[in-house]
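My questions are about this predicted structure, shown below with the sequence.
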Amino acid sequence: MNVDKELFGAYAFYAGVITVKMIVMAFFTARQRFATKTFASSEDAVRPGTKTGYNEDVERVRRAHQNDIENIIPFLILGLLYIFTSPAYATALLTFRIFVGARILHTIVYLNIIPQPARALTFFVGVGVNLFMAYKVIVTFM
């Protein structure tokens, strides 16, 4: 199987962008933990004024990060398989851009507490892209 170099380059670029975004979310979670002085583990809450427990601000960032993990990892796998279906370059590029844009918007909407249906729309756009790629892979290789 051969993959067009330009097609692979588009996948690699957007996979890299969205993976960095997912990694950065771990730092956002840590930043919130330090800002609120609320930690998950007792060994992290040893300084005076710190505590363990639940904090809505920390949990919001943590949930956004968890949502990224649940959606970006399938994108990375499906996107790689999708490029072996020989899609048109423009179609693949648009597919990757829509997913990455939707995930970035999802985080912005989630962290800034923008009312529904904004978060749901951004979530389902990303899921739709993953389902589209999964369909193309299944149909091509069945």
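Nice, I can see it. Numbers count the residues shown, from 1 in each chain.

Can you tell me the SS state at Val3?
coil (DSSP: H, G, I helix; E, B strand; the rest coil).

Let me see the contact set for the closest residue to it other than its chain neighbours.
With sequence-adjacent residues excluded and distances taken as C-beta to C-beta, 6 or more residues apart in numbering, Val3 is closest to Ile83, at 5.3 Å. The way it works is simple: take the backbone N, C-alpha and C, and place the C-beta from them, glycine included. The contact partners of Ile83, by C-beta atoms under 8 Å, 6 or more residues apart in numbering, come to Val3, Asp4, Leu7, Phe8, Tyr11, Ala92.

list the contacts for Thr19?
Taking C-beta under 8 Å, 6+ apart, one finds Ile72, Leu76 in contact with Thr19.

name the element it belongs to?
Assigned by DSSP states H and E, Thr19 belongs to helix 5-36.

which other helices and strands contact the helix or strand following that helix?
Per DSSP H and E, the first helix or strand lying C-terminal to helix 5-36 is strand 38-39. Counting contacts by 3 or more C-beta pairs under 8 Å, 6 or more residues apart in numbering; DSSP states H and E, strand 38-39 packs against strand 51-52.

I'd like to know how far Phe27 sits from Phe34.
To Phe34, Phe27 is 11 Å away according to C-beta to C-beta, to the nearest Å.

Look up the closest residue to the residue positioned nearest the centre of the chain, ignoring the ones flanking it.
Note on the chain: the residue nearest the mean C-alpha position is Asp68, at 3.2 Å, using C-alpha atoms, centre = their mean. Spatial nearest neighbour of Asp68, chain neighbours left out: Met22 (4.6 Å); criterion: C-beta to C-beta, 6+ apart.
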